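Enquirer: What shape does this take:
(one chain, ligands or ions: 1)
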Amino acid sequence: MTDLIKLRGVNKYYGTYHALRDIDLTIRAGEFFSLLGPSGCGKTTLLRVIAGFEGVSDGTVMISDRDMANVPPNQRPTNMVFQSYAIFPHLTVAENVAFGLRKRSDIAKSARAGLVEEALEMVGLGGYGKRAAHALSGGQRQRVALARALILKPKVLLLDEPLSALDKKMREHMQVELIRLQRHVGITFILVTHDQEEALVMSDRIAVMFAGEIGQMDDPETLYRRPKSRRVAEFIGKMNFLPGQVTALSAAGEASSGAPLAGHAPGTVPPNRTNRLLTDLMDKIAPGTEANADTDTAEEAAASPEVMTVDIAGLGAAQISVDQAPEGAKLGEVAVGIRPETLAILFEGEMPKRHECPGVVDEVVYYGDMTYYDVRIKDVPQPLTIAMKNLIGRPVLEVGAACRVAWDDRALVLF
Ligand SMILES: Nc1ncnc2c1ncn2[C@@H]1O[C@H](COP(=O)(O)OP(=O)(O)OP(=O)(O)O)[C@@H](O)[C@H]1O
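Expert: Numbering: from 1, shown residues only. I've put the predicted structure just below:
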C-alpha cells in the first residue's frame, strides 16, 4: 500500500490551548483508519486539519505527496461525512445526494442524474432517488449522507462519528455496511470515534489519542493484545492490573533450568542459573572484578534476553516472553496486565492447569452470552475480573461460591 496522507510534527493551538501535540501520522491508500480517544482528546480537530477546515500552528500535512498548506478544503481530495441529521428532510433523496455536487460547475447538468444514481447504488439505495428524505429510516439517512460524500469520488472519506446517532442494532448493521462499502470502493476511510468496539471492528489501523497526543498506533489485534501503556490498555477493553516484580532475564530455553520458580517469596530472586549469569556479568562490568567462565553466555543473555521471570502478587511466578513488555526487558517492579477473558474459572471435571489457585466469587454480572465474575484471591490486592462464555451445561456461579482460577503466561502484559 502506498502512503497517502502524511502528517509531520503537527501542532495546533486554540489560543493558548494546545489541542494537537507533535502528531506524526502516515495513512496508506485504501486503508480504513480510525482516530479513537476520549471526548476532547483532539480527534475531530485532527480530522478537520486533514480536511483543511483548520490550519495547523506548526508542522506539515501532505496528501499524495503534495503539501496542503495553502490548499482549501474544496480543493483537497477529501470529503467529510457528517452525522445523518445533516441531510435535508424537505428534499428528495436524489436532491440530497446531488447537493454534494453543488460546487462543481464543471459537471454538466445532464451528467448529474447518472452520478446520483451511481452513488445511491454504491450505498445500496438504488431506486430511492424520488423518495422524500424524511421518509427514511435512520440507517437509510446515514447512507444518503454517505452517498452525498461519495458522489465526488474523493480519495479520502472523513467520517466524524457518523453512526453515533443510531441505536445499537442499527449501528452494528451500519458498521458492517461501511466496511463492505470501503472494500468495494477502495477509498481511504478515516473514522473518528470514541467507541473502542467500533474502532476494533472496523479498522485496519487505529491511532489512540489522549490529550492531543497519539498514545499508540497499531492494528486492532496488536492494540488489544500488546498495549504499550496502561492508559491504552484501559481505554481499549478491560484489564486487571497486579503489582509484580521482574526477577530474572534469560535467553530462550534457559529459564526452565535451575531451581523451581514457583513458591519463592515475592521480590526475591530465585536462585536459577540465569540470575547467577547476570550477577557474573555485573561483576564483570564493575571495575576491579574478574571475568569468569560463564560470561560469554551471560553477555548473550543480557544483551538480548528473550524470557523474563515475573513474580506476580498473589499468583506466583510466570515465565513470559520479552515481547509481552512494551518497554523491553528490565529487572524491577512492573504492573502486570491480564485481560478478563484470558483468565478462566475451572469448572468441575476440568483438568488442572499449570497455573491455578483458589478464589471466591465476589460479584457476578450476567450478559447472556458471557458472565463477568469478580473473584477474590488470597494476596491479590483487588478482585480479578474474569470473563467466561456461558456454555450449555455450565452453571453461572453465585456470589460467595468457591472456585479455581487459571491463567496463562502467554496472555500477560507488563507495563
Ligand atoms: N474552535 C475551538 N476553539 C477553542 N477550543 C477548541 C476549538 N475546537 C476544539 N477546541 C478544544 O480542543 C479540544 C479538542 O477538541 P476536539 O473536538 O478535537 O475533541 P474530540 O476528541 O473530537 O472530542 P469529542 O469526542 O468530544 O468530539 C477540546 O478541549 C476542545 O474544547
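Enquirer: Run through the helices of the stretch 101-250 of the chain in chain order.
Expert: Assigned by DSSP state H, counting those that start in this stretch, the helices in the stretch 101-250 of the chain fall at 109-122, 138-150, 168-185, 196-202, 220-225, 230-235.
Enquirer: host element of the closest residue to Val413 other than its chain neighbours?
Expert: Using CB to CB, 6 or more residues apart in numbering and skipping the chain neighbours, the partner closest in space to Val413 is Gly337 (4.1 Å). Just so you know, the C-beta spots here come from the backbone N, C-alpha and C atoms, and that holds for glycine as well. Element membership for Gly337, per DSSP states H and E: strand 332-338.
Enquirer: Tell me the buried residues in that strand?
Expert: 334, 336-338 (16 or more other CB atoms under 10 Å).
Enquirer: could you dump the helices of the stretch 101-250 of the chain to JSON lines with mean neighbour count and distance to the ligand?
Expert: Below are these laid out as JSON lines (neighbours: other CB atoms under 10 Å; distance: least, CB to the nearest ligand atom, whole Å):
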{"stretch": "helix 109-122", "mean neighbour count": "16", "distance to the ligand": "27"}
{"stretch": "helix 138-150", "mean neighbour count": "24", "distance to the ligand": "18"}
{"stretch": "helix 168-185", "mean neighbour count": "15", "distance to the ligand": "16"}
{"stretch": "helix 196-202", "mean neighbour count": "19", "distance to the ligand": "13"}
{"stretch": "helix 220-225", "mean neighbour count": "17", "distance to the ligand": "18"}
{"stretch": "helix 230-235", "mean neighbour count": "19", "distance to the ligand": "12"}
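Enquirer: Output stretch 311-325 as PDB - backbone C-alpha positions only.
Expert: Extracted in PDB, the C-alpha atoms of stretch 311-325 (Å, rounded to 0.1, in the frame of the first residue of the first chain):
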ATOM      1  CA  ASP A 311       6.700 -12.700  40.300                       C
ATOM      2  CA  ILE A 312       3.000 -11.600  40.400                       C
ATOM      3  CA  ALA A 313       1.400 -10.600  43.700                       C
ATOM      4  CA  GLY A 314      -0.700 -13.500  44.900                       C
ATOM      5  CA  LEU A 315      -0.300 -15.600  41.800                       C
ATOM      6  CA  GLY A 316       3.400 -16.600  41.900                       C
ATOM      7  CA  ALA A 317       6.000 -16.800  39.200                       C
ATOM      8  CA  ALA A 318       5.400 -16.700  35.500                       C
ATOM      9  CA  GLN A 319       7.800 -17.100  32.500                       C
ATOM     10  CA  ILE A 320       7.000 -14.700  29.800                       C
ATOM     11  CA  SER A 321       8.500 -13.500  26.500                       C
ATOM     12  CA  VAL A 322      10.100 -10.100  26.400                       C
ATOM     13  CA  ASP A 323       7.600  -9.200  23.600                       C
ATOM     14  CA  GLN A 324       5.000  -9.000  26.300                       C
ATOM     15  CA  ALA A 325       6.600  -6.000  27.800                       C
END
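Enquirer: what comes up buried for it?
Expert: 311-320, 322, 324-325.
Enquirer: Let me have the helices of the stretch 101-250 of the chain in CSV, adding mean pLDDT and distance to Arg8 as columns.
Expert: Converted to CSV, those look like this (pLDDT from 0 to 100; distance: least, CB to CB, whole Å):
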stretch, mean pLDDT, distance to Arg8
helix 109-122, 88, 33
helix 138-150, 87, 27
helix 168-185, 87, 26
helix 196-202, 94, 24
helix 220-225, 95, 23
helix 230-235, 94, 23
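Enquirer: Now Arg104: closest residue in space, sequence neighbours ignored.
Expert: Excluding the flanking residues, the one nearest Arg104 by CB to CB, 6+ apart is Leu152, at 7.0 Å.
Enquirer: circling back: give me the helices and strands touching the helix or strand just after the strand holding Gly337, please.
Expert: The helix or strand immediately downstream of strand 332-338 is strand 344-346, counting by DSSP H and E. Judged by 3 or more CB pairs under 8 Å, 6 or more residues apart in numbering; DSSP states H and E, strand 344-346 is in contact with strand 384-389, strand 402-406.
Enquirer: any idea of the mean pLDDT for strand 344-346?
Expert: For strand 344-346, mean pLDDT rounds to 95.
Enquirer: same thing with stretch 319-327?
Expert: For stretch 319-327, the mean pLDDT works out to 89.
Enquirer: Span of it from start to end?
Expert: Terminal residues of stretch 319-327 lie 17 Å apart, using CA to CA, to the nearest Å.
Enquirer: circling back to that earlier point, going by distance to the ligand, which of the buried residues of strand 332-338 wins?
Expert: Gly337 (24.9 Å; CB to the nearest ligand atom).
Enquirer: What are the buried residues along the helix or strand hosting Thr44?
Expert: According to DSSP H and E, Thr44 maps onto helix 43-51. For helix 43-51, a neighbour-count test (16+ other CB under 10 Å) marks 43-51 as buried.
Enquirer: Would that helix count as contacting the ligand?
Expert: Yes. Counting by CB under 6 Å from any ligand atom, contacts between helix 43-51 and the ligand involve 43-45.
Enquirer: got a pLDDT number for the residue of the stretch 151-300 of the chain at minimum distance from the ligand?
Expert: Using CB to the nearest ligand atom, the single residue of the stretch 151-300 of the chain nearest to the ligand is His194, 4.9 Å away. According to the per-residue confidence, His194 scores 92 in pLDDT.
Enquirer: Would you agree it is in contact with Ser34?
Expert: No. Counting by CB atoms under 8 Å, His194 does not reach Ser34; the two are 10.5 Å apart.
Enquirer: More neighbours: the two, which one.
Expert: Neighbour totals were compared for His194 and Ser34, and Ser34 leads with 27 against 18 (other CB atoms under 10 Å).
Enquirer: which parts of this protein sit against the ligand?
Expert: Going by CB under 6 Å from any ligand atom, the residues of the chain near the ligand are 14, 17, 19, 37, 39-45, 194.
Enquirer: Residue ranges in the chain under the pLDDT threshold?
Expert: Residues of the chain meeting the criterion pLDDT under 70: 83-85, 253-303.
Enquirer: Specify the residue ranges that define each domain of it.
Expert: Structural domains annotated on the chain: 3-235, 240-337, 338-414, as defined by automatic domain parsing.
Enquirer: shouldn't Ala119 be in contact with Arg148?
Expert: Yes. Using CB under 8 Å, Ala119 makes contact with Arg148 at a distance of 7.5 Å.
Enquirer: Run a quick neighbour tally on Asp65.
Expert: Counted with other CB under 10 Å, residues neighbouring Asp65 total 9.
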